[in-house]
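Enquirer: After the sequence you'll find the predicted model.
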Amino acid sequence: MPATAEVAARTAREAYGRLVAYLAWRWNDLAAAEDALGDALLKALERWPHDGVPRQPEAWLLTVARRELLQSARHQGVVQRLAEDPAVRALLPREDDAAPEPFLVANPIPDNRLRLMLVCAHPAIDRAVRTPLMLQTVLGLDAQRIAAAFLVSPTAMAQRLVRAKQKIARAGIRFEEPDPADLPERTHALLEAVYAAYGLAWERLGAAGGEAAFSAELATEALYLAELCVALLPADAEALGLWALMLFCESRRDARFVTTPEGSECFVPLHEQDTARWDHAQIARANGLLREAAKLGQIGPYQLEAAIQSAHAQRAITGRVPWGGIAQLYEGLLQIAPTLGARIGHAVALGTAQGAVAGLEVLDALPETEVRNHAPWWVARAHLLEQARRWPEASAALRQGMGLTEDARLRAHLWRKLQALQAAPVTDTPA
């Protein structure tokens, strides 16, 4: 990729959410803001190779996008008074100035991303599309990535997002902060979107090339938004719980994959990770946030998930995983949020604490239609069958899990486990 195109792409990745949120908030039009920023990026690709990359790429893009919005508005005859307003005109230096003023340094963009996310969580917008809409408009993710996370086709997701934006325009949803009384209703969708963004980054952790940059930038952005959520909602225990949960996960970033002597990356399951590679300062910070959340007396799923991760982190101190306590935490989580992932996690914890048979009973009770194409279920089943020394069944389950796993590094890990299973002594008696 040419250097100027790479700068434009990097600027778009790093600043897309901030710029769209700012423009949408000021012009009260999400679709127009996205179109204007898209036009600005195209102009950057046309102009920068000849004129050079400006000292402040974000400022240049903002300037051009605002000009595009004003020109469009002039054509519609809607905001002529704005175009003639000296205060507005003063904010629009020419994009072809030889040395444009560092606009963002002198006039830093207020962080409107959370405000825009709250607009996306408006009750008039279909609940199922609120999180995908936030991921696209605020974090700049494309429909294909979002569709993969929500297990739908890219075409279906794109159609949902278009309809949601049309609904914002038709319904005249106002770009304004919700009343304090309305804030709790929109908080869940806000936290869900931040967690979904981090989850997408986590799945691509350690990937090569452009995926590595995408993962690192998205994780950083999601962590920053989680911190902003706590600043916006200081008395919301779930906001604290979410930030703690993400910090627990982030603390293990350097331990999840290790480089082999041959130079390839090897996946390491949580209970096998070298705790010396964990970031213990982040763990301490996460535990502190979890204690703050507990004081508020508002138990919720993010706090319980964070508590489960905190229990796993105890291995760094005690040398063992408190599987019994983790199983109890999962039982509490299932009462609030009985997701498929939580039910599988509960089965593994229960099977490890009380015996493989107990865990297998929970796994086998899950609806077949939900689990037959779900890799984690097959891998969890293989793990418990291995504990029960039912080698042939464990091998068969592991093969199913491998066939449903897309990440080559995870498939390689499962392949190594399969090889070990097939080498197990056939004389062992099943538990």
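Expert: That came through, no problem.

Enquirer: Hmm, residue 204 and residue 214 touching each other?
Expert: Yes: contact criterion Cβ atoms under 8 Å: residue 214 and residue 204 qualify, at 6.4 Å. All C-beta spots, glycine's among them, are computed from the backbone N, C-alpha and C.

Enquirer: Return the residues in contact with the residue nearest the centre of the chain.
Expert: Closest residue to the average C-alpha location of the chain: residue 197 at 1.5 Å, with Cα atoms, centre = their mean. Neighbouring residues of residue 197 by Cβ atoms under 8 Å, 6 or more residues apart in numbering: 135, 139, 141, 218, 221, 222, 225.

Enquirer: Nearest to residue 346 among those?
Expert: Nearest to residue 346 among the contacts of residue 197, counting by Cβ to Cβ, is residue 222 at 25.8 Å.

Enquirer: burial of the closest one, as a residue count?
Expert: Residue 222 is flanked by 24 other residues according to other Cβ atoms under 10 Å.

Enquirer: Under the pLDDT cut-off, which ranges of the protein? List them.
Expert: The chain contains residues with pLDDT under 70 at 1-18, 21-22, 24-30, 70-112, 149-151, 169-182, 205-213, 424-431.

Enquirer: which stretches of it form strands?
Expert: 257-259, 265-267 (DSSP state E).

Enquirer: And the first one, what does it pack against?
Expert: Strand 257-259 makes packing contacts with strand 265-267 when contacts are defined by 3 or more Cβ pairs under 8 Å, 6 or more residues apart in numbering; DSSP states H and E.

Enquirer: Show me which residues of the strand it packs on are buried.
Expert: Neighbour-count burial for strand 265-267 flags 265, 267 (criterion: 16 or more other Cβ atoms under 10 Å).

Enquirer: and that strand, how far out from the chain's middle?
Expert: 22 Å (Cα atoms, centre = their mean, to the nearest Å).

Enquirer: Same question for stretch 135-151.
Expert: 10 Å.

Enquirer: Okay, buried residues for it please.
Expert: Buried residues in stretch 135-151, counted by 16+ other Cβ under 10 Å: 135, 136, 137, 138, 139, 140, 141, 143, 145, 146, 147, 149.

Enquirer: got those residues as a markdown table, with distance to residue 251 columns?
Expert: Below are these laid out as a markdown table (distance: Cβ to Cβ, whole Å):
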| residue | distance to residue 251 |
| --- | --- |
| 135 | 24 |
| 136 | 29 |
| 137 | 30 |
| 138 | 25 |
| 139 | 23 |
| 140 | 27 |
| 141 | 25 |
| 143 | 32 |
| 145 | 25 |
| 146 | 27 |
| 147 | 30 |
| 149 | 23 |
